[in-house]
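1. Here's my sequence, what's the structure:
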Amino acid sequence: MPVYLAKRLGYYAVLLVAAVCLSYLLASLALDPREYYAARQPPVSAAAVNHHLTAIGVNDHESLLTRFLGWCGRAVRGDLGQTIDGRSVNAEFGRRLGVSLRLLLAGTILGTVAGVLAGAWTAVRQYRFSDRAVTIASFALLSTPVFLLAILLKTGAIWFNQTTGTDLIQFTGEKSPGVDSGFWAILKDRSVHLLLPTLSVALFAVASYSRYQRNTMLDVLGSDYLRTARAKGLGRRTVLLKHGLRTALIPMSTYFSYGFLALFTGATFTETIFGWHGMGEWFVDSIWKNDVNSVVAVNVFAAVTVLLSGFLADILHAALDPRIRQAS
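-> This next block holds a predicted model:
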């Protein structure tokens, strides 16, 4: 198993380098930082624009290779450069990292666990009312765009607050102004603000994972080894959980890593709609500003998180499948 994981980690390191290079190439070719200064009043002189673009390493008068090597030289020292506004990308990255990770981790964990359990449960209850109800709800969620789902949740929270005459459900920002002391007060405030954005991210994951888990579980339920385990006297619950669900989770482990990218994309819309100042909102703003360094920084974050989720899926795969452990 250690050899297998070491090989997979090496593959991911190569993929990360390729993702970084491709991100910088696409951002540099697609974005034009000079446009950021075109509408300035009073107008900025061409010499001043060139001086600033050179200072932050995105002057298109220099070759793309020169700019990329300069960015790499700073990046290996831990410096992601400056934004188009002249601020530190590292500082902005650090400020927004915790916001996005809080949302992504909460939504991913909740959506994955609920989706797997819902898929396994509906597979065992195939064609019953509960199975059909979950299927209809899942397809309804999958056909609803993430931004529309977020708006519907926000509208529902407004209606609930107006009906009850309270502000129990908060839906704007990640925290309330003035709540910055007391552990339990901060925890309660963050949890209330986290509720709707987490649901917006998690509901899509529940719908997606439950459909896939149901299909893999149905394939396992008809297998010979489950019938053999039952014939040996094992209880139905033990057979389903220890043998059935464990085997059905093996193909799901690969699906988790690819599904995380969809969750990250959904979180971009969620952050914008709910006023969370995270990586997704920063990415959208950076594209509007033609901010090359910031766009590359967000892409690096996305690449690292997706590849890390793939590595965790490999660990889960190796833990569930004894053939991998024996082969390595």
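
2. for this protein, what spans make up the helices?
-> Counting by DSSP state H, the chain has helices at residues 2-30, 35-38, 46-55, 64-75, 89-124, 129-142, 146-164, 183-221, 224-231, 236-238, 246-274, 279-289, 292-320, 322-327.

3. Quick one, which of those gets closest to residue 81.
-> Nearest of the helices of the chain to residue 81, taken as Cβ to Cβ: helix 292-320 at 4.0 Å. (C-beta placed from N, C-alpha, C; glycine too.)

4. Which elements pack onto that closest one?
-> helix 2-30, helix 89-124, helix 246-274, helix 279-289, helix 322-327 (3 or more Cβ pairs under 8 Å, 6 or more residues apart in numbering; DSSP states H and E).

5. hang on, the earlier thing: want to throw the helices of the chain into a markdown table with mean neighbour count?
-> A markdown table is the format used below for the helices of the chain (neighbours: other Cβ atoms under 10 Å):
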| stretch | mean neighbour count |
| --- | --- |
| helix 2-30 | 14 |
| helix 35-38 | 14 |
| helix 46-55 | 14 |
| helix 64-75 | 14 |
| helix 89-124 | 19 |
| helix 129-142 | 14 |
| helix 146-164 | 15 |
| helix 183-221 | 19 |
| helix 224-231 | 13 |
| helix 236-238 | 11 |
| helix 246-274 | 20 |
| helix 279-289 | 20 |
| helix 292-320 | 20 |
| helix 322-327 | 11 |
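
6. In CSV: the ones you listed, plus mean pLDDT and distance to residue 174.
-> Below are the helices of the chain laid out as CSV (pLDDT from 0 to 100; distance: least, Cβ to Cβ, whole Å):
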stretch, mean pLDDT, distance to residue 174
helix 2-30, 89, 26
helix 35-38, 84, 27
helix 46-55, 87, 32
helix 64-75, 92, 28
helix 89-124, 88, 6
helix 129-142, 91, 24
helix 146-164, 86, 15
helix 183-221, 84, 5
helix 224-231, 74, 46
helix 236-238, 73, 41
helix 246-274, 76, 8
helix 279-289, 89, 11
helix 292-320, 86, 17
helix 322-327, 65, 40
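
7. Turn the helices and strands packed on helix 292-320 into a markdown table, columns for distance to residue 193.
-> Converted to a markdown table, the helices and strands packed on helix 292-320 look like this (distance: least, Cβ to Cβ, whole Å):
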| stretch | distance to residue 193 |
| --- | --- |
| helix 2-30 | 31 |
| helix 89-124 | 10 |
| helix 246-274 | 8 |
| helix 279-289 | 15 |
| helix 322-327 | 41 |
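
8. Noted, bye for now.
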